[in-house]
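> only geometry, no sequence info:
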C-alpha cells in the first residue's frame, strides 16, 4: 500500500499503484481475504460491511475503481472493455485473485463482466443490486437525469447513509472543500460512464460463463433497479445459491443495511 | 463590428400553461404538443425572416443545432443553411454550429460544410460546439465522461480532412477510418473560419486562445451577465501574449428596437415573456450531467448558460411551491414564478429602446466585452412576423450603421469568410 493523498483520508485511507496513477484502498481485519467492490456511491472507506466482515474473521480489501473516490482520474478508459481489463488488473493489484467478493451496483456489474472472461478471478460472489440487465417493460431508472437531491434519494433509502458522497464532511479543512467537491463530481462521472445511456452492454449473453456461486441481494426500495430484477438475475445466472431482499434498503443496500449485507456475505463465504 | 442575424427557431405555440403542466421544454417535452401544420408554417416563416435579414444588409445570418427542444427547431442546421444558401446570395452564413460529437463519423460535417461552401461560393462560417448537455447527453445518448474527448477528436478529424492534400487514414480513439477523402473541397482555403460556441468551460477558453479560434458566448442572459465569461477568455489570450483582437470574440444578445422606448416596452413584452418563462422552462435535472464539465471548470465554479437557466427556473419554481404550500395548495405544479419583462431589461437580458438607446447599449456591449461579432436575436419567443420584420429592419438601418465601424480600423477580422477573394483569385465564380 503506498502513501495516501491529502484527501484520501476522507475516502479511502490508502492507495495502490495502478498504471500511471493510483487507486484508493481500504484494508481491515485479519484472516482469509475477502474483496469489496463499491457501487455508484464510490468507496465509502471504513464502514459497516467491512467492519462486520472483519469482526467475522476476514481480512477485507476494498479497492476503489479508477476515477472513483480515492483514485486518480481514469486515463484511457473509454469503453466497457477498457473497464473490464482495468478491473481485472485491480483485482490482481489488490491481491484479491480467487478471493470471495462482495460487490455492489456498478461494481457488481464489473465483477460479473470480469467473471465472464476470468471466472477464476473470484471465489463466491455476493452481488448487491447489479446493473447489467434491461427489460423494456420494466426499465432501470435514470439516476443522472435528475437533480442531486433526487439522485440522493434514489441511491439509498436513508439519505443520511450517503452523506459522504453528497456533503462536505464537517471536519474538512476549508482549503480542501473545492477539491472534495471535484472528487465527488469525478465519482459521479465514473459511475455515469459505466451505465450511460443505458446500463446494458450485452452482459446477459456472457453470463453463462459465470460459474462462481452467486448470492443475490436487492433492496426492496431500490428506486433505480426495480426489485423485480432479482428474479431476472436468478434466472440468468447459472449458479445462484441464494437470494435476499433487504426490506429497508434502496439501491445501495450495502450503505442502508451494512450489517445485514455483511451477515449474508459471511454466511455465503463460510 | 459584424452583426449576424441569429435565429433559434422556437416553436411558437406552446400552451399558456406549459410551465405549470410540463416538466421541461427540452429532452422530454411532450411530443403531442407538436402540431406539424404549425411546424410547416413556422419553418417557412423563419426562413423568410432569415432571408429578409440578409436583404436588409446583415453581415451574416446565423443558426444553430438543438434536439428534442421546444425553443430550437433545428436538429440539423445544415439543412437550414442549405435552404438559405441559394436565396441569400450576398450574405454569409454562420452555422454555430454542428455538434461534432453527434455525427458518426464527424467527417459528415466536413463534407456538408464543404458542400455549403461550394454552393455559396465561400460564404460559410463553421461553428463547432461541444453541444449542450440536453442535446448531447440526454437527447443523443452520448457518454458524458467521453464526450469532450470525442468532440476534440472530431474537430481534429474535420480540420485534417479539410487541409490534407492526400487521402489519409485516421486512427482515433472513437473514429477509425481507413480512407479520409473529403470530396468536395471547401472554396475557402485552407478551410472556412472556425468559431467555437462556448458556455463557460474554462478549458474551451484555453483551447480557443491557444488555437486562435473564435470564442462565441451564446448567452441568453445578456451582456451584463456575460461580461465575466468573455473576460475569462480574454485573460487566457493575454496570458499567451496574443493580441486581444475583438474579432476573435462573439456574443449573442436579444435586441428590441422601436421608434420610442415606450413603444418597445409595449411591443416586445409578450415574446420576451414567452421566451424566458416558457421556452427556458428547462428541468434542472438535465443541466449538469456528471462528466460534462471538465474538472477545471468544476474547480473554477463556472456555470454554463443552460445550467443557469435551469437553476434559476428551479429556484423560482421552489419559491412558488413554498408559496403554494403556505397557501394550502394540494398539489404543487411544475410552474415557476415568472421572470418579469422589467427584470429582463434591467438585467440586460434584452437591449431595448429607440434606435439611439439601442445603439448606445450595443456600443457599450461591444467595447466592454471586446467582441467584434454580435449575434443579434431580433426574433425571440413567439414574436409576430411583422414585429420581427420591423425589429430586423430598424436594427439594420438605424443601429448597425452606427456600430459597423467599431474595431474595423484597428483590427483585421481573420475569422470572416473570404470566399469572393478566393474565387476571384482562381477566376471561377459561377454566374
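Thanks, I have the structure now. Source: prediction; values computed, not measured. Residues are numbered from 1 along each chain as shown, chains lettered A, B, ... in the order given.
> Against chain B - does the longest helix along chain A have any residue that ends up touching it?
Taking DSSP state H as the criterion, chain A has its longest helix at helix A:177-195. Yes - shown here: helix A:177-195 in contact with chain B (CB under 8 Å from any CB of the partner chain) through A:178-179, A:181-182, A:185-186, A:188-193. Backbone N, C-alpha and C define where each C-beta goes, glycine included.
> most neighbours, which of those residues?
Neighbour tally across the residues of helix A:177-195 next to chain B (other CB atoms under 10 Å in any protein chain shown): the maximum, 29 neighbours, falls on residue A:191.
> So it is in contact with residue A:107, correct?
No - in terms of CB atoms under 8 Å, residue A:191 does not count as a neighbour of residue A:107; the distance is 9.8 Å.
> For these two, list the residues in contact with both.
When CB atoms under 8 Å, 6 or more residues apart in numbering or on different chains defines a contact, the residues bordering residue A:191 and residue A:107 alike are residue A:39.
> What mean pLDDT does the following helix or strand past the longest helix of chain A get?
Downstream of helix A:177-195, the first helix or strand assigned by DSSP states H and E is strand A:214-219. Strand A:214-219 shows an average pLDDT of 98 in the prediction.
> now the residue of the stretch 1-150 of chain A found nearest chain B, nearest residue through space, not along the chain?
Nearest residue of the stretch 1-150 of chain A to chain B: residue A:146, at 4.1 Å (CB to the nearest CB). Residue nearest to residue A:146 in three dimensions, not counting chain neighbours: residue B:285, with 4.1 Å by CB to CB, 6 or more residues apart in numbering or on different chains.
> Would you format the residues of helix A:177-195 next to chain B as JSON lines with pLDDT and distance to residue B:245 included?
Conversion of those to JSON lines gives the following (pLDDT from 0 to 100; distance: CB to CB, whole Å):
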{"residue": "A:178", "pLDDT": "87", "distance to residue B:245": "33"}
{"residue": "A:179", "pLDDT": "87", "distance to residue B:245": "36"}
{"residue": "A:181", "pLDDT": "89", "distance to residue B:245": "36"}
{"residue": "A:182", "pLDDT": "90", "distance to residue B:245": "33"}
{"residue": "A:185", "pLDDT": "93", "distance to residue B:245": "35"}
{"residue": "A:186", "pLDDT": "93", "distance to residue B:245": "36"}
{"residue": "A:188", "pLDDT": "95", "distance to residue B:245": "39"}
{"residue": "A:189", "pLDDT": "96", "distance to residue B:245": "35"}
{"residue": "A:190", "pLDDT": "96", "distance to residue B:245": "40"}
{"residue": "A:191", "pLDDT": "97", "distance to residue B:245": "42"}
{"residue": "A:192", "pLDDT": "97", "distance to residue B:245": "38"}
{"residue": "A:193", "pLDDT": "97", "distance to residue B:245": "38"}
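> tell me the mean pLDDT for stretch A:121-136?
Mean predicted confidence for stretch A:121-136 is 98.
> got it, and stretch B:373-392?
The predicted model gives stretch B:373-392 an average pLDDT of 98.
> Kindly report the same for stretch B:395-402.
The average pLDDT within stretch B:395-402 is 98.
> Other residues contacting it?
B:3, B:53, B:56-58, B:255, B:257, B:355, B:358-359, B:362-363, B:376, B:378.
> Apply 6 Å and report the result again.
B:3, B:56-57, B:257, B:355, B:358-359, B:378 (CB atoms under 6 Å, 6 or more residues apart in numbering or on different chains).
> With stretch B:109-126 instead?
The contact list for stretch B:109-126 (CB under 6 Å, 6+ apart) reads B:78, B:81, B:85, B:92-94, B:98, B:100, B:103, B:158, B:161-162, B:182, B:184-188, B:192-195, B:417, B:419, B:422-423.
> Can you pull the residues of chain B lying near chain A?
Within chain B, the positions near chain A by CB under 6 Å from any CB of the partner chain are B:141, B:143-146, B:173, B:284-285, B:289-291, B:295, B:298-299.
> how about 10 Å then?
With CB under 10 Å from any CB of the partner chain as the criterion, chain B meets chain A at residues B:24, B:27-28, B:133-134, B:137-138, B:140-147, B:149-150, B:173-174, B:283-293, B:295-301, B:310-311, B:314.
> In ChimeraX, how would I select just the buried ones from these?
Remark: buried members of the residues of chain B next to chain A, expressed as a ChimeraX selection using 16 or more other CB atoms under 10 Å in any protein chain shown:
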select /B:24,27,28,133,134,137,138,140,142,143,144,145,146,147,150,174,283,284,285,286,287,288,289,290,291,292,293,295,297,298,300,310,311,314
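> Among the residues of chain B next to chain A, which ones are in helices?
Going by DSSP H, the helices hold B:133, B:147, B:149-150, B:295-300, B:310-311, B:314 from these.
> Include pLDDT when you put those residues into TSV, please.
Converted to TSV, those look like this (pLDDT from 0 to 100):
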residue	pLDDT
B:133	96
B:147	97
B:149	96
B:150	97
B:295	89
B:296	88
B:297	87
B:298	89
B:299	88
B:300	83
B:310	75
B:311	70
B:314	70
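> re the thing from before, closest one of the contacts of stretch B:395-402 to chain A?
For the contacts of stretch B:395-402, the nearest to chain A is residue B:378 (34.0 Å; CB to the nearest CB).
> Hmm, residue B:2 and residue B:405 touching each other?
No - contact criterion CB atoms under 10 Å: residue B:405 and residue B:2 do not qualify, at 11.3 Å.
> ok, these two, which is more surrounded?
Comparing residue B:405 with residue B:2 by other CB under 10 Å, the one with more neighbours is residue B:2, at 24 against 9.
> hey, what's the more buried one bridged with?
residue B:373 (DSSP bridges).
> Distance check, it against residue A:150.
Going from residue B:2 to residue A:150 by CB to CB, to the nearest Å gives 44 Å.
> Check residue B:133 too.
16 Å.
> for residue A:187, same thing?
17 Å.
> Pretty sure residue A:228 sits against residue A:235.
No - using CB under 10 Å, residue A:228 is not in contact with residue A:235; the gap is 11.3 Å.
> Remind me which helix or strand residue B:415 belongs to.
Residue B:415 belongs to no helix or strand when elements are defined using DSSP H and E.
> Ok, residue A:111 next?
Element membership of residue A:111 [criterion: DSSP H and E] is helix A:105-117.
> next structured bit after that helix?
strand A:122-128.
> Can you list the strands that that next one pairs with?
Strand A:122-128 has the following strand partners under DSSP bridges: strand A:99-104 (parallel), strand A:214-219 (parallel).
> Mind listing what's buried along stretch B:210-227?
For stretch B:210-227, the neighbour count (16+ other CB under 10 Å) marks B:213-224, B:226-227 as buried.
> Among these, pick out the one closest to residue B:250, please.
Nearest to residue B:250 out of the buried residues of stretch B:210-227 is residue B:216 (CB to CB; 3.4 Å).
> Can you tell me the SS state at the nearest residue to that closest one once chain neighbours are set aside?
Nearest non-adjacent residue to residue B:216, counting by CB to CB, 6+ apart: residue B:250, 3.4 Å away. Three-state call for residue B:250 (DSSP: H, G, I helix; E, B strand; the rest coil): strand.
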